[in-house]
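# coords below, sequence missing:
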């Protein structure tokens, strides 16, 4: 397979996953702000922090009011994490490999991009926001399912799965890190709402029902961390995503360096005791995981693509 084609497939998958993740964050944050008392609300700033784009956001915006943040997250063409920008890049990558992916997948990607662009105004207001975000999420999931059911499961599909799962693992760590730290202030009166905070973490990843089924415990910090970081069977858990990437790498040549890095990150997760990690320790731990993911991405880029790519 040409390195150009592998790179386009990899980034197409990452951008589709990124658009879906941003839509999920917006939906869950909207619902959470309705559930929490005013004393516990930090508004929309945590979402910008989750995506790691505070510096870029503040270059053109002065505050974190709802409409300004939503415009940045939905339609800002200069934002690497906006829904519109992600779908635009996913569409461009898909366009160049239309002879590799099924025609139906290209049509779905193109259609989702056009729909997101045409109805963007409805995402800003609360009245139409749910439908807009739901269309993005369901559209991305439809594309993922279509590719799984119609694309050859060859080397190209391995690059697609690697891109999707690296993006997914990165978002899982970001949600855990920033939401668990900043969403609720440490105050005695906020204690009764702690379970709402951790439920929001699970719902950001569509993991609430699967958590209850797997853990069979009430929602609390240690068990949520264990589920989202270590669970092998939940598709959006960090360790599951690593296993998916590793499985793909096994089918590729010159995979030794990437697999070694991946094994190191995996061991770090399995050895960590989330039950005793305090917030500062958790923050450092998540930083280490994110650096590990970045290193894996760099090795994949260096080994298989035309040139290393960093986004």
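Yes, it's here. What you are looking at is a predicted structure, and each value in this text was computed from that prediction instead of being measured.

# which strands and helices sit next to the helix or strand of the chain with the lowest mean pLDDT?
Within the chain, no helix or strand scores below helix 194-204, which has a mean of 81 by mean pLDDT, DSSP states H and E. Using 3 or more C-beta pairs under 8 Å, 6 or more residues apart in numbering; DSSP states H and E, the elements in contact with helix 194-204 are helix 3-35, helix 155-182, helix 208-215, helix 221-230. C-betas here are computed from N, CA, C, even on glycine.

# what about that helix, distance to the chain center?
Put simply, helix 194-204 sits 16 Å off its chain's centre (C-alpha atoms, centre = their mean, to the nearest Å).

# got the angle between it and helix 3-35?
Put simply, helix 194-204 runs at 150 degrees to helix 3-35, going by axes from the mean of the first three to the mean of the last three C-alpha atoms, to 10 degrees.

# so, low pLDDT: which residues of the protein?
By pLDDT under 70, the low-scoring segments of the chain are 35-42, 178-194, 274-276, 279, 307-311.

# hang on, the earlier thing: out of the helices and strands packed on helix 194-204, nearest to residue 306?
helix 3-35 (5.0 Å; C-beta to C-beta).

# after the closest one, which helix or strand is next?
Downstream of helix 3-35, the next assigned helix or strand under DSSP states H and E is helix 45-50.

# that following helix: what's the following helix or strand?
Using DSSP H and E, the helix or strand that follows helix 45-50 in sequence is helix 54-60.

# ok, and what's touching that next one?
48, 69, 72, 78-80 (C-beta atoms under 8 Å, 6 or more residues apart in numbering).

# thinking again about what came up before, make JSON lines out of the helices and strands packed on helix 194-204 and add mean neighbour count and distance to residue 250.
Below are the helices and strands packed on helix 194-204 laid out as JSON lines (neighbours: other C-beta atoms under 10 Å; distance: least, C-beta to C-beta, whole Å):
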{"stretch": "helix 3-35", "mean neighbour count": "22", "distance to residue 250": "16"}
{"stretch": "helix 155-182", "mean neighbour count": "23", "distance to residue 250": "9"}
{"stretch": "helix 208-215", "mean neighbour count": "16", "distance to residue 250": "26"}
{"stretch": "helix 221-230", "mean neighbour count": "20", "distance to residue 250": "21"}
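
# so which of those comes closest to residue 136?
Closest among the helices and strands packed on helix 194-204, using C-beta to C-beta: helix 3-35, at 4.0 Å.

# list the helices and strands the closest one packs on?
helix 45-50, helix 66-74, helix 83-95, helix 103-118, helix 126-150, helix 155-182, helix 194-204, helix 279-304.

# kindly reformat those helices as CSV containing distance to residue 217.
Converted to CSV, the helices and strands packed on helix 3-35 look like this (distance: least, C-beta to C-beta, whole Å):
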stretch, distance to residue 217
helix 45-50, 25
helix 66-74, 33
helix 83-95, 34
helix 103-118, 37
helix 126-150, 27
helix 155-182, 17
helix 194-204, 11
helix 279-304, 19
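
# out of the ones you listed, which gets nearest to residue 17?
Of all the helices and strands packed on helix 3-35, it is helix 155-182 that lies closest to residue 17, at 4.2 Å by C-beta to C-beta.

# how far off helix 194-204 does that closest one point, in degrees?
160 degrees.

# tell me, how many residues neighbour the residue nearest to residue 109 when sequence neighbours are not counted?
Nearest residue to residue 109, sequence neighbours excluded (C-beta to C-beta, 6 or more residues apart in numbering): residue 94, at 4.7 Å. Using other C-beta atoms under 10 Å, residue 94 has 26 other residues around it.

# many thanks, have a good one.
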